[in-house]
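Colleague: Sharing a model that was predicted from the sequence below.
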Amino acid sequence: MGLHSYFGGATIQTLKMAAVPASASYSRFVFSPISRNLVALDSFPRHSPSPPFPLLARALSMAAAVQTTPPSSEDIGTATGSVGKPQWKAAIDFKWIRDNREAVAENIRKRKSKASLELVLELYEKMLAVQKEVERLRGERNAVANMMKGKLEPSERQKFIEKGKNLKEALASFEEDLVKLSDELQQEAQSIPNMTHPDVPIGGEDSSAVRKKVGSPREFSFSVKDHLQLGKELDLFDFDAAAEVSGSKFYYLKNEAVLLEMALVNWTLSQVMQKGFTPLITPEIVRSSIVEKCGFQPRGDNTQVYSIEGSDQCLIGTAEIPVGGVHMDSILAETVLPLKYAAFSHCFRTEAGAAGLATRGLYRVHQFSKVEMFVLCRPDESDTYHEELITIEEDLFSSLGLHYKTLDMASEDLGAPAYRKFDVEAWMPGLGRYGEISSASNCTDYQSRRLGIRYRPAELAASTNPKKGGKGNLAPTKFVHTLNATACAVPRMMICLLENNQQEDGSVIIPEPLRPFMGGMEVLLAKHHTG
Amino acid sequence: MMKGKLEPSERLKFIEKVLNHSASGKNLKEALASFEEDLVKLSDELQQEAQSIPNMTHPDVPIGGEDSSAVRKKVGSPREFSFSVKDHLQLGKELDLFDFDAAAEVSGSKFYYLKNEAVLLEMALVNWTLSQVMQKGFTPLITPEIVRSSIVEKCGFQPRGDNTQAYSIEGSDQCLIGTAEIPVGGVHMDSILAETVLPLKYAAFSHCFRTEAGAAGLATRGLYRVHQFSKVEMFVLCRPDESDTYHEELITIEEDLFSSLGLHYKTLDMASEDLGAPAYRKFDVEAWMPGLGRYGEISSASNCTDYQSRRLGIRYRPAELAASTNPKKGGKGNLAPTKFVHTLNATACAVPRMMICLLENNQQEDGSVIIPEPLRPFMGGMEVILPKHHTG
């Protein structure tokens, strides 16, 4: 299954430095090994010391801040868009919705969702009625067919032929209605947001509850620079060239920023691999139906999604999408659960509709690197894994010395797929406020019903009445629960690290955990510009 | 015209022209507008046609098609196996490194997920390569992967041609890059650089996206030809008199990288029909891929001289030679006229092709794969990828 990594106890002090060739004045960067001691448990016995990895002198770090914008309540997956037949169907439990209409209506209200429950229920009832009629007509048609097999007087036979013909026409008509109703029902029902965890605060963004607060804003004895100014002085970014080449909200990372991005990604991957997550690198172009099945709307008005011209493909805004697709239309054995993935990808977002929000610098960009955790598990375990994911995130951010608060997002801010969502906001002194650096959602069976991801529960005990042959002893399948959580969104992390760790002389201290991934570099120094 | 000094014969000719169009000033204005319109049309047509003219060719370039390419260098020889060789797809399956099937469902053919040690291997290849070329003075960059299509054109690619390699973004003039050469080429576009900053040497890491339209029938199995991959690309801007030298430097860097990883390869001096319009000279490196049973291209190093810089508008101003003895008063009297830089690009590491080489060449009889020494520190000291016990 996954690659389990073992992190040896070697510290920087005990690691041997590799011989580094004398570097020319401008070749100041030597790259350090990215991942330490990533070893499959069965190939490296624990008792032998992990081979020291040679540290090269100052490595360039690549830092890309990654932002995770949770799907807004408008980003509701619908298969059809504005017209046409749905290309895929979510396995929505209409009966459950009907039987729990009060709870569903209450949920829609507290999320301020635009879903129309009344219409869904109406369509469902109609559909059931038509279905019943179809079944009745089929029964009659079969009866007629059976009659035709036997001996009949010519006049009787003629009557039956007539009847059969009429039935066939009526059936065709009702079946057509059934298809239409079914499609319409599907389209409306897909808008119904996921149910909500009972502890979720009710209301808008001001109602979100603070679950945890770690650290406090650093007090500066000098005037604080924002990451853009630091980046300029340290020659880390180029937004101007990118505006010419690509457009606004694009950027080049340069020099140590490159090392910082690589260090953040590699360190994060190694950390979560140690916790049993299987690393993945994913496609960044996917079919738009996959995007919809995850609960996003690729072709809506303010869509976050870039579409590829001349195809049904689009660019991913998060690795959640291609990872969600890995097991789509599958039945997993219960024994493989939980499946825990740590996926590294670039993410592309149009940020349409984000005008007026903080758009300066790295805070809101069209392309960025991100490590995303994704879990598929049994329904009874998803709350537990949600806690595990947020704890992993908090440990990562604490390790990097960030000051942050974890929020239990309020009902109007969840996004349709999330049953419950925890956002982490970190202190960004240059911005003078907290900024979101990660999001952890429990989507329960919202995505799995759309992606078609089921599992087959294991047998409890041998049945005392084994049926002969067939699938007699197989338990019926259930939908898995899926969860996703940002382990590292590089640009936002970069903002935090640069702004919080700046020194009066304009240099920036590199957090300890990242130093081995940057060749031991401890500080980004202001450099002498040559041109 | 009439205001200035004219030879009598010129003046006469001009008057004739005016008279031929009528004696009034209004007609002169119309004639002018008409000719100016012609000028614009001709200029555009000239530009369009002239852009198709390929770059000149280095005198040492062999003339002919792909069979005429010359072997500049050969390093190593094909490994002899005492057991039957598996290709990278089979190795990947047994070692649980790739998933092409899930990607075909999610994205389409020629897409893939990397899993487990393959993720570490990609990160190690990228990180090691960057560190190696940084030591040689290259400035590392991470670039945008969405660019305006005009930049793609200026680099010598055709984003909207029939068999275009470029993915276009719906509803915009943007497209996805097929190589970091494009966004790096754009960094200094429409600029005049001081000679003292040259050479500018960049090592850019990016994902690359290629439609591979028109590639049907070629080896398309597995990682050999894919729509998305990671690459570290070297890009140099230099003075014209230095580009041959930097071309040699770039190919040497590539060869050192590949030798360090233990690859068996040959470097080809590409023949005239295989250069591609921008390249004055092109060296390709083909490495032995035992699973494929042939050599496969793993890198390309091109000297584009001023082909790209004339399109991207990248000039430099030569430094003063000596103080002039006749300084003109004021203005730009002492500035040397600008010249176009030369640009070069070379693949330092194209991850999927490298992965094919490493997996297929380093496989052991038991199905494990040895990791080349230089990469081990970047994989936590891991020395070998072992077959694992599958749990499901």
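Modeller: The structure has been received and is ready for your questions.

Colleague: Residue 305: what secondary structure?
Modeller: Assuming you mean chain A. Going by DSSP: H, G, I helix; E, B strand; the rest coil, the secondary structure assigned to A:Val305 is coil.

Colleague: nope, chain B
Modeller: Secondary structure, three-state DSSP: B:Thr305 is coil.

Colleague: and the closest residue to it other than its chain neighbours, how many neighbours?
Modeller: Leaving out its chain neighbours, the residue that sits closest to B:Thr305 by Cβ to Cβ, 6 or more residues apart in numbering or on different chains is B:Tyr280, at 4.5 Å. All C-beta atoms are positioned from the backbone trio N, CA, C, and that covers glycine. B:Tyr280 has 22 neighbours, counted by other Cβ atoms under 10 Å in any protein chain shown.

Colleague: for A:Asn501, same thing?
Modeller: Other residues near A:Asn501 come to 19 when the count uses other Cβ under 10 Å.

Colleague: Touching, it and A:Leu514? I think so.
Modeller: No: A:Asn501 is beyond contact range of A:Leu514, at 10.5 Å (criterion: Cβ atoms under 8 Å).

Colleague: For A:Leu389, give its distance to A:Glu140.
Modeller: Taking Cβ to Cβ, to the nearest Å as the measure, A:Leu389 falls 55 Å from A:Glu140.

Colleague: Checking my notes, A:Gly310 in a strand, right?
Modeller: No: the assignment for A:Gly310 is coil, going by three-state DSSP, so no strand is present there.

Colleague: any idea how far it lies from chain B?
Modeller: From A:Gly310 across to chain B, the span is 7 Å (Cβ to the nearest Cβ, to the nearest Å).

Colleague: May I have the beta-bridge partners of the residue lying closest to that residue once chain neighbours are set aside?
Modeller: Residue nearest to A:Gly310 in three dimensions, not counting chain neighbours: B:Ser168, with 7.3 Å by Cβ to Cβ, 6+ apart. Beta-bridge partners recorded for B:Ser168 (DSSP bridges): B:Cys175.

Colleague: Number of residues surrounding B:Ser168?
Modeller: 21.

Colleague: Can you name the residues that contact it?
Modeller: A:Ile308, A:Glu309, A:Gly310, B:Ser149, B:Pro159, B:Arg160, B:Gln174, B:Cys175, B:Leu176 (Cβ atoms under 8 Å, 6 or more residues apart in numbering or on different chains).

Colleague: Excluding covalently adjacent residues, which one is nearest to B:Leu141?
Modeller: B:Ala204 (4.3 Å).

Colleague: and A:Trp405, that's in a helix?
Modeller: That one is not Trp; residue A:405 is Lys. No: going by three-state DSSP, the assignment for A:Lys405 is strand, not a helix.

Colleague: mind listing the helices for the chain?
Modeller: Since you didn't name a chain, this refers to chain A. A:94-99, A:101-111, A:117-149, A:154-189, A:227-233, A:239-245, A:256-274, A:288-293, A:320-326, A:382-399, A:446-451, A:490-500 (DSSP state H).

Colleague: look at chain B instead
Modeller: Counting by DSSP H, the helices of chain B are B:8-21, B:25-50, B:88-94, B:100-106, B:117-135, B:149-154, B:181-187, B:243-260, B:307-312, B:351-361.

Colleague: and the second one with helix B:8-21, angle?
Modeller: Between the axes of helix B:25-50 and helix B:8-21, defined by axes from the mean of the first three to the mean of the last three Cα atoms, to 10 degrees, the angle is 100 degrees.

Colleague: How about the residues of the stretch 201-350 of chain B by chain A?
Modeller: Proximity of the stretch 201-350 of chain B to chain A, by Cβ under 8 Å from any Cβ of the partner chain, involves residues B:Phe205, B:His207, B:Phe209, B:His227, B:Gln228.

Colleague: So what pairs up with the first one in the strands?
Modeller: It stands for B:Phe205. B:Ile142, B:Val232.

Colleague: Next up, the contacts around it.
Modeller: Contacts of B:Phe205 (Cβ under 8 Å, 6+ apart): A:62, A:258, B:126, B:130, B:140-143, B:180, B:230-233.

Colleague: Export the residues you listed as JSON lines, with columns for neighbour count, distance to A:Glu184 and pLDDT.
Modeller: Output for these, formatted as JSON lines (neighbours: other Cβ atoms under 10 Å in any protein chain shown; distance: Cβ to Cβ, whole Å; pLDDT from 0 to 100):
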{"residue": "A:Met62", "neighbour count": "32", "distance to A:Glu184": "49", "pLDDT": "34"}
{"residue": "A:Val258", "neighbour count": "29", "distance to A:Glu184": "52", "pLDDT": "98"}
{"residue": "B:Val126", "neighbour count": "24", "distance to A:Glu184": "49", "pLDDT": "98"}
{"residue": "B:Leu130", "neighbour count": "29", "distance to A:Glu184": "54", "pLDDT": "97"}
{"residue": "B:Pro140", "neighbour count": "28", "distance to A:Glu184": "54", "pLDDT": "98"}
{"residue": "B:Leu141", "neighbour count": "26", "distance to A:Glu184": "51", "pLDDT": "98"}
{"residue": "B:Ile142", "neighbour count": "27", "distance to A:Glu184": "47", "pLDDT": "98"}
{"residue": "B:Thr143", "neighbour count": "32", "distance to A:Glu184": "46", "pLDDT": "98"}
{"residue": "B:Ala180", "neighbour count": "27", "distance to A:Glu184": "48", "pLDDT": "97"}
{"residue": "B:Ser230", "neighbour count": "20", "distance to A:Glu184": "44", "pLDDT": "98"}
{"residue": "B:Lys231", "neighbour count": "25", "distance to A:Glu184": "47", "pLDDT": "98"}
{"residue": "B:Val232", "neighbour count": "25", "distance to A:Glu184": "52", "pLDDT": "98"}
{"residue": "B:Glu233", "neighbour count": "27", "distance to A:Glu184": "51", "pLDDT": "98"}
